[in-house]
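**Student:** Return atomic coordinates for the entry below.
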Amino acid sequence: MIKFFRRIRQRLLLENKIGKYLFYAVGEVVLVVIGILIALSINNWNENRKNAALESYYLNSLKSNIIQDTTNYGIRLRDINRTLTELDSAAIKLNLDSNEELWTDKVPRIFMSTFNVNSETSVIEDLKSTGNLSLISNKKIIDSVLVYYKGIDETKVGINNSLQTYARETIGPYLMMKYEVTFNGQTEFSSQKTNKSILTTTALREDLFLTNALGYRKSIITGLRFNYLVTINRASQILDLLNSEIDQ
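**Tutor:** Model (predicted):
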């Protein structure tokens, strides 16, 4: 084909047909440009098709991660509600003129339980590390997802870490040094004979440290419950956006 066009140009030059040669040359350039544009269009179409497939993959994967988060947070909320009920029950007993064992088997949950949730972050981390966030055409989804995970991180660094540190380093050691504590139906192992007492309502009433611990636990767990409810609400809104985008 190239030789064919070259022969035509040479013949026109030999015949001194400059006008026709220039017209032909311009036409040849136009044909080349059109060919390049067609090639670029095909390349762009292929690239857009690949990006659309990758976007669909990320949208569905984000949906899967957030659905799993919703399940995990729901489980933790049930644990939180159970613990708050037991905290309220303990607080009520403090005001009663009675002396009874304060559920030795429930002491760890009342005073020491934590409620961490390992959020599913594999997809958002992949999107950020690869620079593929730009593939998500609906920017409202990206904004909502970033706010969602930022809120999770703030709760983890703030409330969750505070609750866990207090349980492990403060209230846990205090309880196990002073009172009998039962884990899963078994009193904790001790290498030495001790004279630990049963935590009764009277003992709790007279132990300022533990009565303050009840109040602290109630306050911080109530705050955690609120944050988890906000997280689930944000997850629900994101799922609505994702479903709408995926169905298009």
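**Student:** for this protein, what spans make up the helices?
**Tutor:** Ranges of helices in the chain, per DSSP state H, are 2-14, 18-94, 107-112, 122-130, 139-155, 161-166, 172-178, 201-206, 208-247.
**Student:** Please work out which of those is packed deepest.
**Tutor:** Mean neighbour count (mean count of other Cβ atoms under 10 Å) peaks for helix 107-112 among those, with a mean of 21. (Glycine included, C-beta is placed from N, CA and C.)
**Student:** and it, what does it pack onto?
**Tutor:** Under the contact definition 3 or more Cβ pairs under 8 Å, 6 or more residues apart in numbering; DSSP states H and E, helix 107-112 sits against helix 18-94, helix 172-178, strand 182-183, helix 208-247.
**Student:** one more time with 10 Å
**Tutor:** helix 18-94, helix 161-166, helix 172-178, strand 182-183, helix 208-247 (3 or more Cβ pairs under 10 Å, 6 or more residues apart in numbering; DSSP states H and E).
**Student:** Mean pLDDT lowest where, among these?
**Tutor:** Among those, strand 182-183 carries the lowest mean pLDDT, at a mean of 66.
**Student:** give the contact list for L241.
**Tutor:** 59, 62-63, 138, 140-145 (Cβ atoms under 10 Å, 6 or more residues apart in numbering).
**Student:** For I67, see how far away it is.
**Tutor:** Going from L241 to I67 by Cβ to Cβ, to the nearest Å gives 14 Å.
**Student:** for Y216, same thing?
**Tutor:** Y216 sits 34 Å away from I67, going by Cβ to Cβ.
**Student:** Kindly reformat the helices and strands packed on helix 107-112 as TSV containing distance to I152.
**Tutor:** Formatted as TSV, those follow (distance: least, Cβ to Cβ, whole Å):
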stretch	distance to I152
helix 18-94	8
helix 161-166	13
helix 172-178	25
strand 182-183	29
helix 208-247	6
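**Student:** Which of these sits closest to F115?
**Tutor:** The closest of these to F115 is helix 18-94. By Cβ to Cβ, the value is 4.8 Å.
**Student:** okay, the angle between that closest one and helix 122-130?
**Tutor:** Orientation note: helix 18-94 sits at an angle of 140 degrees relative to helix 122-130 (axes from the mean of the first three to the mean of the last three Cα atoms, to 10 degrees).
**Student:** how much does helix 18-94 deviate in direction from helix 208-247?
**Tutor:** 150 degrees.
**Student:** Report the distance from helix 18-94 to the chain centre.
**Tutor:** 17 Å (Cα atoms, centre = their mean, to the nearest Å).
**Student:** Show me what it is packed against.
**Tutor:** Helices and strands touching helix 18-94, by 3+ Cβ pairs under 10 Å, 6+ apart, are helix 2-14, helix 107-112, helix 122-130, helix 139-155, helix 201-206, helix 208-247.
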